[in-house]
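**Student:** here is the input, now give the coordinates:
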Amino acid sequence: MSAIPSSPTTVHSSSVRLQRRAGKVVFYLICGVLAVLFLFPVFWSTLTSLKPPAEASAVPPTYWPSSFTLDNYVKLNKYGAGIMRYVYNSTMVALVTVIGTILLSTLAGYGFSRFHYRGKNVLFIMVLAALMIPFQSILTPLFLLMSAVKMQNTLLGLALVYITFQLPFGVFMMRNSFDSVPREIEEAALLDGCSTWKMLTSVMFVLVRPGIITVAVYAFLNAWNEFLAALIIMTQESNFTLPIMLTSVRSGYYGAIDWGALQAGISVTILPSVILFLLLQRYYMQGLMGGAVKG
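**Tutor:** So this is what the prediction gives:
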């Protein structure tokens, strides 16, 4: 008996399946390579921080430590006021920035989204126009302003500067997040007896949670990692944040760079940002894709 030849439809379906599988393999291969490229510096920095100090500064570098040690973290704590002081400073500045940015941008975003008044669009464009101004160009006026109101060298003053930088993006995100919520939900809550404040906090805030988390994560990462404004406004070592403290470690004693302590400081600085993003990445992506493309 002769074999029954395959129909053209069957051959085409098999070819399509093979192409799809090959496409998936190539896609995951590219993603894997990109993931390795992005994660390798973090892995190398953490590994170097756990090497003995002599191996951390060795040239050429050793690719794997002969033993794991925390000596570099102990040395890091001897710089300036101690690493925990700088972690505290960065944490307080970042938390005040996040809280202030969320409160102001949420209320402003709700006002731009729900209320109608003369000049609203012009005012909103003026808020967004601040995104086009390089913040480096206004650092000198901000420094003079902080000095005039006696808030230079204070954590609160630095946090207020960061809130100013974050508000345009935060207001934009929250206005679009509120725009994506149907007005019928708001009207139904009011008809059920909710006051305006209870409706805003119990109903609307829950519905725009991804947008709020996006604003919070964005504000935290920028406040935690920002260097230039903190370098200019803070001149007392006890008030330095982590990025400024790392410059002292990089300079080292007598100009020598302590690579082990520097990599330990980098690892300490990276850790909170990585943990926060991994915990909130789902909401962060929802907020960016749901709120930022509306309007």
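**Student:** show me the shaky parts of the chain.
**Tutor:** Applying pLDDT under 70 to the chain picks out residues 1-13, 250-256, 284-295.
**Student:** if we go to 50?
**Tutor:** 1-2, 292-295 (pLDDT under 50).
**Student:** could I get the full set of helices for it?
**Tutor:** 8-49, 53-56, 71-76, 83-114, 120-129, 139-148, 155-179, 183-191, 196-199, 205-207, 209-225, 228-233, 242-251, 259-291 (DSSP state H).
**Student:** export the ones you listed to a markdown table and tack on distance to residue 63 and mean neighbour count?
**Tutor:** C-beta: built from backbone N, CA, C; applies to glycine. Shown next, in a markdown table, are these (distance: least, C-beta to C-beta, whole Å; neighbours: other C-beta atoms under 10 Å):
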| stretch | distance to residue 63 | mean neighbour count |
| --- | --- | --- |
| helix 8-49 | 9 | 11 |
| helix 53-56 | 10 | 17 |
| helix 71-76 | 17 | 19 |
| helix 83-114 | 27 | 20 |
| helix 120-129 | 48 | 12 |
| helix 139-148 | 41 | 14 |
| helix 155-179 | 39 | 23 |
| helix 183-191 | 57 | 13 |
| helix 196-199 | 59 | 12 |
| helix 205-207 | 50 | 13 |
| helix 209-225 | 28 | 22 |
| helix 228-233 | 34 | 18 |
| helix 242-251 | 23 | 19 |
| helix 259-291 | 14 | 18 |
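**Student:** can I get these in CSV including distance to residue 64?
**Tutor:** As requested, the helices of the chain are exported to CSV (distance: least, C-beta to C-beta, whole Å):
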stretch, distance to residue 64
helix 8-49, 8
helix 53-56, 9
helix 71-76, 16
helix 83-114, 26
helix 120-129, 50
helix 139-148, 43
helix 155-179, 40
helix 183-191, 57
helix 196-199, 59
helix 205-207, 49
helix 209-225, 29
helix 228-233, 36
helix 242-251, 24
helix 259-291, 15
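**Student:** do you know which of these lies nearest residue 62?
**Tutor:** Closest to residue 62 of the helices of the chain, according to C-beta to C-beta: helix 53-56, at 4.9 Å.
**Student:** how distant is that closest one from the center of its chain?
**Tutor:** Averaged C-alpha coordinates place helix 53-56 at 31 Å from its chain's average position (C-alpha atoms, centre = their mean, to the nearest Å).
**Student:** for it, name the packing helices and strands.
**Tutor:** helix 71-76, helix 259-291 (3 or more C-beta pairs under 8 Å, 6 or more residues apart in numbering; DSSP states H and E).
**Student:** now the most centrally placed residue in the chain. Nearest residue, chain neighbours left out?
**Tutor:** A centroid search over the chain (C-alpha atoms, centre = their mean) returns residue 221, at 2.9 Å, as the residue closest to the centre. Nearest in space to residue 221, with sequence neighbours left out and distances taken as C-beta to C-beta, 6 or more residues apart in numbering, is residue 273 at 5.7 Å.
**Student:** picking up where we left off before, between the helices and strands packed on helix 53-56, which gets nearest to residue 94?
**Tutor:** Taking C-beta to C-beta as the measure, the helices and strands packed on helix 53-56 were each checked against residue 94, and helix 259-291 came out nearest at 8.4 Å.
**Student:** and the closest one with helix 155-179, angle?
**Tutor:** Interaxial angle, helix 259-291 versus helix 155-179 (axes from the mean of the first three to the mean of the last three C-alpha atoms, to 10 degrees): 30 degrees.
**Student:** around residue 79, how many other residues sit close by?
**Tutor:** Neighbour count for residue 79, taken as other C-beta atoms under 10 Å: 21.
**Student:** my guess is it meets residue 246, correct?
**Tutor:** No: with contact taken as C-beta atoms under 8 Å, residue 79 and residue 246 are classed as non-touching, separated by 9.3 Å.
**Student:** got a list of what residue 209 touches?
**Tutor:** Listed by C-beta atoms under 8 Å, 6 or more residues apart in numbering, the contact partners of residue 209 are residue 283.
**Student:** ok, so what distance separates it from residue 117?
**Tutor:** 27 Å (C-beta to C-beta, to the nearest Å).
**Student:** and what of residue 94?
**Tutor:** As judged by C-beta to C-beta, residue 94 and residue 117 stand 34 Å apart.
**Student:** now do residue 133
**Tutor:** Using C-beta to C-beta, one gets 25 Å for the distance from residue 133 to residue 117.
**Student:** so between the two, which is more surrounded?
**Tutor:** Between residue 133 and residue 117, counted using other C-beta under 10 Å, the more crowded position is residue 133 (11 against 8).
**Student:** how near is that one to residue 113?
**Tutor:** With the distance defined as C-beta to C-beta, residue 133 ends up 24 Å from residue 113.
**Student:** thanks a lot, catch you later.
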